[in-house]
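Everything below, folded, please.
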Amino acid sequence: MKKIGLTICLALSINSYAKTDLGSISSSIPVTSYIVKEVGSSEMLMSKNKDARIEPASLTKILTSIIAIESGKLDEVVTIAREATLVEPSKAGFRAGEQIKLLDLVKAAMVNSSNDAAFAIAIHLGGSVEEFARQMNYKARLVGAQSSNFTNPAGFDRGIYAGHYSTAKDLLKLTEYAIKNKLFNEIAQLEKVAVVEQRSGKVYNLRTHNKLLDKYKYAVGIKTGYTSRAGKCLIARAKKDNKDVVLVMLKAKADRWNVAENMFEKAFDMKAPEPETVEEATISTAKATTPQKITSKSKKARYAKKSVKTKKVVKSNKRLKVAQKTRGDRS
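So this is what the prediction gives:
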């Protein structure tokens, strides 16, 4: 009887959150870091620990995708490198040597959160994952994301990809930049995509992991993310009446779909912004890493050494199995 009673109490407490008025519990929203902002406004409607350094998981692919879209090479056919096929899930399942259009790789990365697509994009555009990561960091700085460091195009954050981090504030800047692009917006709203292998005609039918698109009628994208270290992440956009709102959520500790829906509804009803919530006890989970720059000979030398070490790892086949067990956006 005690077990049954405890189970009922737990179920009621979890269910009650989804029906709670967020206006009365802003500081206790079960998310480590978040920002809610109306597009085009200079003020944030709600925020909590917006500068906390946290792993962004597959939210990373927003930056990867906008770089690819702006490359002017979307019609190019990409030969899938073996390195790209050996990443951990989520992935589309491309095989080494297959030929996929760059545009389709962007769709796979954004819609299905395919890590193999993200790595294929990086290798095609950068020549290597390391070089593309430098391009990512350079682009992030241009956009104004000054507190982030990207080590790979998919969002892995362990092993050779440790030191991959961002903040809710930076991710908001990257997102607001990306949604200015019409093609990016179209892709970010897709629930499924068919990717065609150019030589054989084989079709990969891929679906989104973003349950908010089905659950919340005002949702219009954008990206989900998850790793064991990053937790449940989400960047979402919703439009209702004359309001266009973007939400960045890092390390959600409850059902992120219900939390996001409630936060959007509160945002649409708000008349004025709330002050930021800052938890002093919040400790960054991401290791401090100096953002990659190519501005001095000494830094170039360090990157050259790092590149040599990485090549050795590749040769010993350690690189071929990414040192992280991540399920991408499957949760």
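
Can you show me the strands along this structure?
Secondary structure of the chain (DSSP state E): strands located at 31-38, 44-48, 77-79, 99-101, 192-196, 203-207, 219-227, 231-240, 243-252.

Need those in CSV (columns: mean pLDDT).
Output for these, formatted as CSV (pLDDT from 0 to 100):
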stretch, mean pLDDT
strand 31-38, 97
strand 44-48, 96
strand 77-79, 98
strand 99-101, 98
strand 192-196, 98
strand 203-207, 98
strand 219-227, 96
strand 231-240, 98
strand 243-252, 97
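
Quick one: closest of these to Thr167.
Evaluated over the strands of the chain, closeness to Thr167 peaks at strand 31-38, with 7.3 Å, by C-beta to C-beta. The C-beta positions use only the backbone N, C-alpha and C, and glycine is treated the same way.

what angle do that closest one and strand 231-240 make?
Between the direction of strand 31-38 and that of strand 231-240, the angle (axes from the mean of the first three to the mean of the last three C-alpha atoms, to 10 degrees) works out to 20 degrees.

Can you give me the neighbour number for Ala188?
Counted with other C-beta atoms under 10 Å, residues neighbouring Ala188 total 24.

Now do it against Asn149, distance only.
Distance of Ala188 to Asn149, given as C-beta to C-beta, to the nearest Å: 24 Å.

and if you look at Lys266?
The value you get for Lys266 to Asn149, if C-beta to C-beta is used, is 32 Å.

Give me the more crowded residue out of the two.
Neighbours around Lys266 and Asn149, counted as other C-beta under 10 Å, are more numerous at Asn149. The numbers are 21 against 18.

Who is that one paired with across the strands?
Here Asn149 sits in beta bridges with Tyr165, going by DSSP bridges.

so what's it scoring on pLDDT?
The per-residue pLDDT reported for Asn149 equals 98.

Use 59 as the first number from now on
Let's use 59 as the start, then, which means that last one is Asn207.

wait, it sits on Asn195?
Yes: Asn207 sits in contact with Asn195 when judged by C-beta atoms under 8 Å, with a separation of 6.5 Å.
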